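S.K.: Below are the sequence and a predicted model for it; my questions follow.
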Amino acid sequence: MAGQSQGADTTVATPSIENPGFFRRTFLGEYPSPRTAVILSLVLPGAGQVYNKKWWKLPIAYGVLGTLIYLEVKNVHQYRALRNNYKWAVDDDPTTNPTPPYNRLSASALREYRDQSRNRVERNALGIGLAYLLTAADAFVDAHLARFDVEESLSGRLRPSVRLGVGGMPVLGIEISTNLSK
């Protein structure tokens, strides 16, 4: 076997992956992409949490949003009943009277309850919007922190502390010490 090398061929063919999957590489960048997470969460609340593989957050997001939406529907129904009964109480038409149990209230009391009910509707609508945005913000932050490197060299310690305050009186507190060296 003259002229032939006795060494084996050391090149190894690596298979190429044409479609690595949605969770590895998305249409907007590397997984997990904060941009993708927030877009998904804005399109469908909770979708950003699913994208980030934080499945346990999904019942919390839908529980909060579901409760707020239920309360909004209930409050809107109550507001409309109070609004209609107030209108019937103040019009000069003797054929329109407030319905029970609102017929026991005066017009001024109906107006006050109507205004309170409207405030509840508006505050609840703000709560729904805030919960919706917090769901998107949580998905965004979680995607950012997915690649956050926490090394073993990071450490912290809490311990009680006594310092002199105003007038030389001792003040109790908590001291936080961190060690960021490698």
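M.R.: Thanks, I have the structure now.

S.K.: what comes up buried for stretch 94-109?
M.R.: For stretch 94-109, a neighbour-count test (16 or more other CB atoms under 10 Å) marks 98, 102, 105 as buried. Every C-beta, even on glycine, is put in place using the N, C-alpha and C of the backbone.

S.K.: So which residues make contact with that stretch?
M.R.: 81, 82, 85, 86, 87, 88, 89, 90, 110, 113 (CB atoms under 8 Å, 6 or more residues apart in numbering).

S.K.: hmm, back to that, with distance to residue 33, secondary structure and pLDDT as added columns, please give the buried residues of stretch 94-109 in TSV.
M.R.: Converted to TSV, the buried residues of stretch 94-109 look like this (distance: CB to CB, whole Å; DSSP: H, G, I helix; E, B strand; the rest coil; pLDDT from 0 to 100):
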residue	distance to residue 33	secondary structure	pLDDT
98	56	coil	88
102	54	helix	89
105	56	coil	90
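
S.K.: of all those, which comes closest to residue 59?
M.R.: residue 102 (38.2 Å; CB to CB).

S.K.: From the contacts of stretch 94-109, list the buried ones, please.
M.R.: So, by 16+ other CB under 10 Å, the buried ones in those are 81, 82, 85, 86, 88, 89, 110, 113.

S.K.: how far away is residue 60 from residue 52?
M.R.: 14 Å (CB to CB, to the nearest Å).

S.K.: Who has more neighbours out of those two?
M.R.: More crowded of residue 60 and residue 52, by other CB atoms under 10 Å: residue 52, with 26 against 14.

S.K.: what's around the closest residue to that one other than its chain neighbours, how many residues?
M.R.: With sequence-adjacent residues excluded and distances taken as CB to CB, 6 or more residues apart in numbering, residue 52 is closest to residue 142, at 4.8 Å. Close neighbours of residue 142, defined as other CB under 10 Å, add up to 20.

S.K.: I'd say residue 142 and residue 49 touch.
M.R.: Yes: judged on CB atoms under 8 Å, residue 142 makes contact with residue 49 at a distance of 7.3 Å.

S.K.: quick one, what contacts the residue nearest to residue 52?
M.R.: Residue 142 is in contact with 32, 37, 48, 49, 52, 54, counting by CB under 8 Å, 6+ apart.

S.K.: remind me which residues of this protein are low pLDDT?
M.R.: Judged by pLDDT under 70, the chain has its weakly predicted residues at 1-29, 150-154, 181-182.

S.K.: ok, which stretches of it are helices?
M.R.: Along the chain, counting by DSSP state H, helices occupy 34-43, 47-51, 57-90, 107-145.

S.K.: picking up where we left off before, out of the contacts of residue 142, which comes closest to residue 165?
M.R.: residue 54 (43.7 Å).

S.K.: Could you report the separation of the nearest residue in space to that closest one that is not next to it in sequence from residue 47?
M.R.: Once flanking residues are discounted, residue 54 sits nearest to residue 142: 5.9 Å by CB to CB, 6+ apart. Distance of residue 142 to residue 47, computed by CB to CB: 13 Å.

S.K.: All set, thanks.
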